[in-house]
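Novice: With the input below, show me the fold.
(chains A, B and C)
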Amino acid sequence: MTVSRRQFVSGVAGAGVASLAAQNFVLAQGSEPIRIGLLAAKTGPLASGGIDMDLALTMFLKERNNTLAGRKVELIIADTAGVPATARTKAQELVEKDKVHCLIGPLAAFEALAIADYITEKEVPTLGVAAAEDMTQRHPSPWFVRATSTSAQSAYPLADYATKELKYKKIVTIADDFAYGHEMCAGFQRAFEDGGGKIIQKIFTPLATPDYGGYVAQVKPADAIFLGTAGSNGFRFLRQFIEYGLKDKMAVIGGMTALDESVLRNMGDEALGILTTSWYSAELDNPLNKAFAPAFRKQTKYDPGFYAASTYVSAAVLEAALKATKGNVEDKKALVAAIRASDADTVRGHVKFDELGNVVGNVYIRKVTKKTDGRLVNSVIKTYPDVSQFWTYDKTAFLKNPVYSRDYPPAKNLEP
Amino acid sequence: MQFWIIQGLNSLSLGALLFLLSSGFSLIFGLMRLANLTHGAFFMLGTYFAAIALRSFDWLNIWFAALGAGVAVAVLGGMFERLVLTRLKANPLGQVLVTLGMSFIISDACLMLWGGDSIPVPTPQNLQAPTRLFGFIFPTYRLVLVALATGAAVVLHVLLERTRLGAMIRAGVDDRQMARAIGIPVSNLFTTVFCLGAGIAGAAGVLGGPILSAYPGLDADMLPLALIVVILGGIGSLLGAFVGSFIIGFTYTFGTALFPELAYIILFLPMILVLAFRPQGLFGRVNA
Amino acid sequence: MKWIGAALIASALLLPPFFAGDFYVNLASQILIAGIFSLSLNLLVGFGGMTSLGHASYLGVAAYISALLTARYGFGHGAAAFISVTGTVAMAAFFGVIALRASGLGFLMITLALSQVLWGLAYRMSNVTNGDNGVTGLTRPSPFGISLDRPAAFYWFTLIVAIVAFLMMAIFVSSAFGSSLKGVRDQPRRMAALGFNPWLVRWITFVYAGFWAAISGLLYVYYHKYIHPTSLSTTSSAEALLGVIAGGAGTLGGPAVGAALVLLLKNYVSAYIERWNMLLGLVFLFIVLFMPAGIVPGFSKLIAAVRGERR
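Specialist: Got it, this is the predicted structure:
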């Protein structure tokens, strides 16, 4: 131990203590702004989604002059870097340091799980984006609400469409080897097999796969392949899938993030005709979206997708709730009750929430088409109205079963 | 039967990609005893360069892009070496810090400049038609990549074995002090080799682009692969890097296909086995 | 001067719960936990000359064992802590045998490989570890019946553990064994000639470092009340390694300073600067160029130069 080490540390410590002490002298204000915290991954592998979440929410507030229900709004954005420990620390920062009245986000399931008990303990109304099923099923929190979709919620309609209208009999599923992929494929499998189809192969690719060529070669012949992927991995797999000529042999269908607008904008004609399902499309024909999508495109030069819509829709729900409480955010219980009771019109259509806090809203089957200006878009070809997280299954029975995972429901029709 | 052939070809193309990635790393580590942890970022810069340049300029083809990226990254590498790395001769920990720090800077710059999405690198037009083999098709570009890797190996071999520069490099690898003593300008040699290694990484990034696409995190995915190949093959040995790349290519491709449970382990298994029985790697020298 | 220095450090450590808001007290707890972890890594890197990129394995495994035993199997915290630490130390002993077959880059790669294998297993064995969802619903222990749920209480607890850890590691390093470790780091052949067993010295250090990493892992899981495979990842290990080197490997206080630097940039500065990753890289570059041995030795030289002393 050296003397100078102590001196260095003590210098820093002295300054630190002084500044920390100063914090506590700030007094509470009278008519304060509403403070909203956004938890988004602005760096790291999920950055693409996080950046869009930020852009859309900022745009929403700017359109309303940063005023909701007659009160000024302040948005504080925290970068979770896609790491659960950081998400938790940032949630603490937003709640304890910035004193936010509610949270929007986070995006990743593990980020949401990392903060779940914290937001419950601190009673922070949270409009989550993450798709983790159990957040609104077996481990719900009265403070957590989700306006987007569970992992499987948007997959059921596609399974139904695949059996009834496309008449597919055998499908291969592929997804990243983590909970989101497991849950989505499990939901798809359940509904598809209930409709008489067979899932003959389930491939889960490890998270850091350098080259998808080997996996493409493993795909067995079937009527279609279901992509339960998200972000760059799915895109990279699809590219290889097309390069190996498999797109000529089997159809490609995908879940809500497989061919998201953010992926589509980097693809070419090879994407035409692919069917996906989601709770949003930039091509939706309702008046709110007809204003939102072009405005977003004007600002960013690309179409809004899952991530941008997630915060835009959540903000719309929040606004409806604030109108109901007449701008009162201090009464947290009233705010979260208003959010859960809200019946709002948003860019995805009309949304309500079930008793567990998950959204009940439209799910759309989309097909990739090309517009006259050369843009690839997800055109809506069918709407499934008011889809809940339980689809057509009985809620009590559903909740008695274990949560969807890699092995549940068991895949009984796998070909060797 | 078809399975074995296709996966065999996949293994070859993965091996080719790995060799292009790790040859530069092997060169730098062999001569300079420097584990260049910025290597993944140099590779990624090449991929992003290809993605953006090929999208913006349609007169540009991938081969010129590879050359361009190689030169650009070589220059960047050279500046980094001259300004920063030369000061860290006897400080291996400092080298770790600085090369990782540089990779943070590069990857964050890529995120800042080009956003978080994956940007594809288009396969060259004349290679887009797949090759028909025994009744199935296989992407032509991957076969070309195997040829490229072999070509690169030959060129590097000739460079090392038949040119004066190569002789100086080999002398420096074998015995740095003696090389200096007999008048080889080791410091300039280091800069040259670092530029060469970085440049190869950049060019490799371009060439790997059609298979990998540019995305944030590519550097962190690629770096461990380069490390594994070089450790497996042996430090300071180009032949080791070549053989190691294909061993990994085969074990990974067939391993993940036949034993998906072992997906996370399969990448490291050959390396751990070799290190357990032959710590210097397959072709490495004992004093390395 | 020494006493003023000591008093200021003591005040920096003792005052936060009284003056600062909960957020800062929590941040301080996190810094202490990262500090213990980095100090344990420093035993290997700075004093032992073994650069490891897999140290997060021990933190993560200890955290997981404690989490699973308490949340799923109903063990009490005391028993769970004992089993976790023993289990992790046993694992360190085993990994040490494998890793020490090589040195330098080979050692680095083996530690990296082993930690990646564990990371993969944490994802893959989801019926045990809950895979990507991580383990939730955890609680903090109540030593002697005192609850640690409030930030201030947890901070005091962590501070006590950190002080004990620091003292134990300081004693380790300045003991005769510590000297033999430094000897083996600098001159292994000479030490062997003198009758020491370099392999054994390194292995014992490896295990001891694993022990303290396990302790920091327990504190980590108590603090976060959540554990996820990312805690076992190479990024986690790399951040710790960078903190150690930046702070000053081979000094006692350096790694803690480095750990604080990385943590503050990641968690605190990131609120103000979007490009904090780039800033972190630039800071590292700066440190290496101007303070090649790390922050602490660098500052020590700076202050000595300012005071006109000769060191």
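
Novice: in the sheet, who's paired with residue 227?
Specialist: With no chain named, the answer covers chain A. Note on A:Leu227: beta-bridge partners by DSSP bridges are A:Ile174, A:Gly254.

Novice: That was the other one, I meant chain C.
Specialist: C:Val135.

Novice: can you pull the pLDDT of it?
Specialist: What the model reports as pLDDT for C:Ile227 is 93.

Novice: Let me know how buried it is, in neighbour terms.
Specialist: When neighbours are counted by other Cβ atoms under 10 Å in any protein chain shown, C:Ile227 registers 31. Where you see a C-beta, it was placed from the backbone N, CA and C, and this is true even at glycine.

Novice: just A:Arg375 next, same as before
Specialist: By the criterion of other Cβ under 10 Å, A:Arg375 has 15 neighbours.

Novice: Likewise for A:Val403?
Specialist: So A:Val403, with other Cβ under 10 Å, has 18 neighbours.

Novice: Nearest spatial neighbour of it, chain-adjacent residues omitted?
Specialist: A:Asp134 (5.1 Å; Cβ to Cβ, 6 or more residues apart in numbering or on different chains).

Novice: which residues of the stretch 1-150 of chain B fall in helices?
Specialist: B:2-32, B:39-56, B:62-83, B:92-114, B:140-162 (DSSP state H, counting those that start in this stretch).

Novice: Now do the same contact list for A:Gly305.
Specialist: A:Asp52, A:Asp260, A:Glu261, A:Ser262, A:Val263, A:Leu264, A:Tyr280, A:Ala282 (Cβ atoms under 8 Å, 6 or more residues apart in numbering or on different chains).

Novice: quick one: the residue in the stretch 1-150 of chain C that chain B sits nearest to from C:Leu53, how far?
Specialist: Of all residues in the stretch 1-150 of chain C, C:Gly120 sits closest to chain B, at 2.3 Å by Cβ to the nearest Cβ. C:Gly120 is 15 Å from C:Leu53, where distance means Cβ to Cβ, to the nearest Å.

Novice: Which parts of the stretch 301-416 of chain A are helices?
Specialist: Going by DSSP H, counting those that start in this stretch, the stretch 301-416 of chain A shows helices at A:306-324, A:332-341, A:395-400.

Novice: Mind putting those helices into JSON lines with mean pLDDT?
Specialist: Converted to JSON lines, these look like this (pLDDT from 0 to 100):
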{"stretch": "helix A:306-324", "mean pLDDT": "94"}
{"stretch": "helix A:332-341", "mean pLDDT": "93"}
{"stretch": "helix A:395-400", "mean pLDDT": "93"}
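
Novice: any idea which of those is most buried?
Specialist: helix A:306-324 (a mean of 26; mean count of other Cβ atoms under 10 Å in any protein chain shown).

Novice: Dump that helix to CSV, keeping only the CA atoms.
Specialist: Extracted as CSV, the C-alpha positions of helix A:306-324 are listed here (Å, rounded to 0.1, in the frame of the first residue of the first chain):
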residue,chain,number,x,y,z
PHE,A,306,-42.3,-4.1,-34.1
TYR,A,307,-39.9,-2.1,-32.0
ALA,A,308,-41.0,1.4,-33.1
ALA,A,309,-44.7,0.4,-32.8
SER,A,310,-44.1,-1.1,-29.4
THR,A,311,-43.4,2.1,-27.7
TYR,A,312,-45.7,4.2,-29.8
VAL,A,313,-48.6,1.9,-28.9
SER,A,314,-47.6,1.8,-25.2
ALA,A,315,-47.5,5.5,-25.2
ALA,A,316,-51.0,5.7,-26.7
VAL,A,317,-52.2,3.4,-24.0
LEU,A,318,-50.5,5.5,-21.3
GLU,A,319,-52.1,8.6,-22.8
ALA,A,320,-55.5,7.1,-22.6
ALA,A,321,-55.0,6.1,-19.0
LEU,A,322,-53.7,9.6,-18.2
LYS,A,323,-56.8,11.1,-19.7
ALA,A,324,-58.8,8.8,-17.5
